[in-house]
Structures are given as C-alpha cells and as structure tokens.
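A.B. asks: what shape does this take:
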Amino acid sequence: MSLACEQGYAPALYSLGLVYYNGNRISGRQEEGKQMILQSAEKEYVPAIKALMGFAPDKAYPIIKRLAQVENPNGDVLFMLSQYYINGVIVEEDTTEGLRLLKEAAQKDSVEAMYNLGVIYEYGQLGLEHNIETAVKYYEKGSAKEDADCMINLGCILEQSEEYPHDYARAFELYLKAAEQGNGRAYNNLGTCYKRAIGTAKDAKKAIECYEKAIEKGCQEGYWNLYLYYMDEVCTPRDFTKAVEWLKKGDQADVLQCTYQLTKHYMHGDGVKSDARKYFECLYKASNQGYEEAYNELGNCYKYGVGTEQDGSSAFEWYQKAASVSIEGVWNLANCYIYAIGTEKDDKKAVELYKMAAEQGYAPAQYDLGICYRQGEGVDKDPLTAISWYLKAAEQGHGGAMNNLGIMYDNGIGVDVDYEKAFHYYKLSAETGNMEGQFCLGDMYFSGRGVEQNYEEAVKWFKEAAEQGEPDSLFHLAICYHDGLGVEVDQNLVVHYLYEAADRGFQRAIDVINDNKIPRPIKNIK
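C.D. replies: Numbering: from 1, shown residues only. Just a heads-up that it's a prediction; the model follows:
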C-alpha cells in the first residue's frame, strides 16, 4: 500500500490515511492521515471526499461543487452537496435547494439520497408533509440496491406502521438480507422477530443469538432487548437475575437506558440487592452523560439525601436542568423556590413556575398553585381561583386536591359551607389513599357533619390514615379507644396511639401525655 500511496493512487491514499486518522494500530499520525485523505479527495475519490466532509467541510466543499457542475454529475456528489444546503454549512441554509439536489441524487442511484428522502417523508421533515407512501417508494428503491438501512426502515414500516399494509414475512426477509451484510440493527430486529414470531416461527434460541450478534456488530439496543427477553415473559418465565446481568453489561458499555433502568432494580431489590448508594451512582452517571429522564430523580436524591449526603444546592442545580426538558422538572424547581431548597425563597418565582406546569395540565402543579392562591403565597389571596385549580387537579385524580376542595366547602372558604360537598370530596380523596382525606372523612363520620354519625366508619378511616402515620388520626383513635366510640375501651391502645401521635409532633397528644403524666408503653402494640 505504501508504494501505491507514493505513486498517488487515490484509493490507497484514502485507505492508509483512514488508518492513520482513526489511530487503528498506529497512533500519533492523525494529521498525516488527514493530509492523505485530502490528497485522495483532491483526486476526486468519492469515499475520501465523504470522509473529508466530516473533519474539514470547508476543504471538501470546493471539490464537491466542482464535481457537481460537470455535465453528468455523480449521484453521490449531488447527495454530498445537498447536505451543505440542508445543514447550512459553508453555504446559506436552503432546504428547497437541498431537497432538489437530494431528489436528483436519488435519480442518479445514490442510495444515501434514497435513504434520506425516505426518512424525510416518513417523519415529515424539512417542511415536507409526512407521506408514508413516498417514504416507502424511496426505501424500496434503496432496498432494490441492497442498502441495509433502507431495507431495515422498510421492514419496520411493513412490520409496525398503522398507515401501511403489514407484511410480516417480507419484513423478516428484509431484516435477514440486511443482517447478511453484518448490520447490527438488522440482527436486533431479527431477534424480536424470532422472539415474537413476526414473519417466522418463534425461536427463543435464535432470538438470543441475534440480539447477541447485534451487540457484536455495534447495535447497543441489543443489551436492552436481552434485558426485556428475561422480563417480558414472551419466551421464558421472568428472571430478574439474568435481566439485571444484561442491564449491567449495557451499563458497562455506556448504554444509558440500561444504566437508568438499573436504578429501578437497585431501588426495589429485583434481581439485585437493594442499594441506595448504587441507585444514586447510576442516576449520577446517566444524568452526567445527558440522560434527561434521570435528572429529576437525581435532584430528589440530593434533596432527600438518598444514597448521598443531602445537598440543596445540587438538588436545585439538577432541577434546573430537569425544568428545561420536563414539566415535572418545572414543578420541582418551583418547590425549590417555595421552600428555599438550594436557593433563596421566592414565592413569586415559584408561582410563575407552578403556572407554567399547571397550564400544561400537570396535576401536582395545579394543586400547589391552588395552595398559593388560597394562602396568598406569591399572589394575592383568591379562594375562588384556588378552587378552580384544585378542581383541575381533582379531575385528574389528585387526592390532595380533592381533600382541599373538601376543606374549602367544610369551612366555607371562598364558598358557602356545604357539608354534603365536603363529604363528597373527602370520600373521593380517601378512596385514592390520601391520608389527609381519610382523616377528614373519618372526622365527618365522627362528628356527623354532612353524614349520619357513625363511629365504626370513623374508626375505619382513622385506621386507614393512621397506617400512613397521619397524626390527627392517631390521636382520634386514642379518643375512640378511651371512650369506647366504635370500638371497645382499651387503655393500652389509648396510650399506644397517644405516643404514636406525640412522636410525630402532634401537640394535643403531647399535652395529654404531659398533663396526665402518662408513661411511655414498654412495648408498642401492633
């Protein structure tokens, strides 16, 4: 090859230049490699020109422009020129000209142009409307020339699209042909075909082999699919241990989807020992490498000290990042301003953020915005506006909002007192599992407000709330066992519930214990 390079043979210059540039087997000669690729490109060798576009688009452009102006330009040259106009590199962005060049390139048998046009029409890009039929037309042209990417995308449409007739057998054949070229994506799709009997017979062994081959060929989605293989019970009973093994392998290969999913297993202890520190470490890795779904959870780790030291500043930093990509992040950031987590308290800023999330239909933000209007935090007190936001959150099943609506009607805040409506909303809230709603519902049965007095029902709901640690319910259970309301008198349980409430800071229970000098029970009663 060296002799051929010395003689200026373009393919040899390109091949050896690529070896030097990539550092394959030879390091420290990248600049020399670039020069060799440039020399090959100047000799109009198309693969070299494509490579030159990657690291020196300014040097590739005049060569491409010159070759595009000949009488019958090469399709690959026209494709390369189209990319300059589409991406606005060197020349001013002009998608109309870029598309014209792409279509001309496709007519001149550029499979890259066929593939790109297929993608553009499939997803409605560059100002063109989504058109699945036109996308298929271009993918078919590329597939006829045995382009693996066109075959895979066409196969996906035939397998999965709801807008085009399914042809599972042909989809399988297309994946098979692309796999024969060593394409990792094709092996990955074949694995799913074998797993789910798509266009072929179900074959668990071949499914695993194809997923593993996909990984070998550089398709990292294979790690995720091998995880799913042991989780979705299509071919085998669920096996958390083997599933986690593949997540760990994917994590080691920096497949962030696997890294993030590992957090769920470290949290719940499925297939691996529950480990708060490793949960945090996986979230930290995924977040720092740009996996957006992890941002809020990493913020929560710093906020509550899960797997790491509590750090309000770091929580605030990650919630800021999360706010740029998710409604939940906007809500979490608002909470930082309202509770001064990692930043100064700023109720007006919190309201601004709550509104942003609430107007996009995020129920927790609608609930918190209602609280701000009810209490006058960051805005003037406005009970009616508070109710309107509680209603929006309640319509989405938010138990806290339902409970607060009950409180508004129970106490006549912004509306006339209406015990029937209060009971209605408390009941809805209690049935969602909201402990405040459970207590309030129990209290209505206890006092007979809006419903016939019923101590047995009151005790039932107090116990539901008490199991979640709701202190007012614990105190009321002490009253019920002391006076025999809905239950038999049991002084041991009276003391038990009093101390349970007191240990949660409930002042009335503390006062009763102190005033009556009630000793702490030696053993808690279950």
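
A.B. asks: hmm, residue 401 is touching residue 368, no?
C.D. replies: No. Look at residue 401 against residue 368 with C-beta atoms under 8 Å: they stay out of range, at 9.6 Å. For every residue, glycine as well, the C-beta is placed using N, CA and C.

A.B. asks: skip the chain neighbours and tell me the closest residue to residue 111.
C.D. replies: Closest residue to residue 111 apart from its sequence neighbours, by C-beta to C-beta, 6 or more residues apart in numbering: residue 147 at 4.1 Å.

A.B. asks: leaving out sequence neighbours, find the closest residue to residue 349.
C.D. replies: Leaving out its chain neighbours, the residue that sits closest to residue 349 by C-beta to C-beta, 6+ apart is residue 337, at 4.6 Å.

A.B. asks: now residue 455
C.D. replies: Using C-beta to C-beta, 6+ apart, the nearest residue to residue 455 is residue 486, at 3.1 Å.

A.B. asks: quickly find the element holding that neighbour.
C.D. replies: Using DSSP states H and E, residue 486 is not contained in any helix or strand.

A.B. asks: got phi/psi on it?
C.D. replies: Residue 486 adopts backbone torsions of phi 80, psi -10, taken as degrees, to the nearest 10.

A.B. asks: ok, it touching residue 476?
C.D. replies: No. With contact defined as C-beta under 8 Å, residue 486 does not count as touching residue 476 (10.4 Å).

A.B. asks: and for those two, which residues touch both?
C.D. replies: residue 458 (C-beta atoms under 8 Å, 6 or more residues apart in numbering).

A.B. asks: returning to what we had before: what number of residues lie near the residue nearest to residue 111?
C.D. replies: Close neighbours of residue 147, defined as other C-beta atoms under 10 Å, add up to 21.

A.B. asks: got a list of what it touches?
C.D. replies: Contact analysis of residue 147 by C-beta under 8 Å, 6+ apart lists 111, 114, 115.

A.B. asks: against residue 222, how distant is it?
C.D. replies: 22 Å (C-beta to C-beta, to the nearest Å).

A.B. asks: equivalent analysis for residue 109, please.
C.D. replies: For residue 109, the distance to residue 222 - C-beta to C-beta - is 32 Å.

A.B. asks: between these two, which one's more packed in?
C.D. replies: Using other C-beta under 10 Å as the criterion, residue 109 and residue 222 rank with residue 222 on top: 28 against 14.

A.B. asks: thought residue 208 was touching the more buried one, still the case?
C.D. replies: No. If you go by C-beta under 8 Å, residue 222 and residue 208 don't touch, sitting 10.0 Å apart.

A.B. asks: list residues touching both of the two?
C.D. replies: Both residue 222 and residue 208 are in contact with residue 191, where contact means C-beta under 8 Å, 6+ apart.

A.B. asks: circling back: buried ones in the helix or strand encompassing the residue nearest to residue 349?
C.D. replies: Using DSSP H and E, residue 337 sits in helix 327-339. Of the residues in helix 327-339, 327, 328, 329, 330, 331, 332, 333, 334, 335, 336, 337, 338 count as buried by neighbour count, 16 or more other C-beta atoms under 10 Å.

A.B. asks: just give me how far that helix sits from the chain centre.
C.D. replies: Centroid separation for helix 327-339 versus its chain: 18 Å, with C-alpha atoms, centre = their mean, to the nearest Å.

A.B. asks: mean confidence score for that helix?
C.D. replies: Computed over helix 327-339, the mean pLDDT rounds to 98.

A.B. asks: stretch 401-415 too?
C.D. replies: Here the average pLDDT along stretch 401-415 is 97.

A.B. asks: pLDDT weak spots in this protein?
C.D. replies: Low-confidence segments of the chain (pLDDT under 70): 1-8, 24-27, 523-526.

A.B. asks: sec struct for residue 186, please.
C.D. replies: On the three-state scheme (DSSP: H, G, I helix; E, B strand; the rest coil), residue 186 is labelled helix.

A.B. asks: quick one: contacts for the closest residue to it other than its chain neighbours?
C.D. replies: Computed as C-beta to C-beta, 6+ apart, the closest residue to residue 186 that is not its neighbour in sequence is residue 178, at 3.5 Å. Residue 178 makes contacts with 148, 149, 151, 152, 155, 185, 186, as judged by C-beta under 8 Å, 6+ apart.
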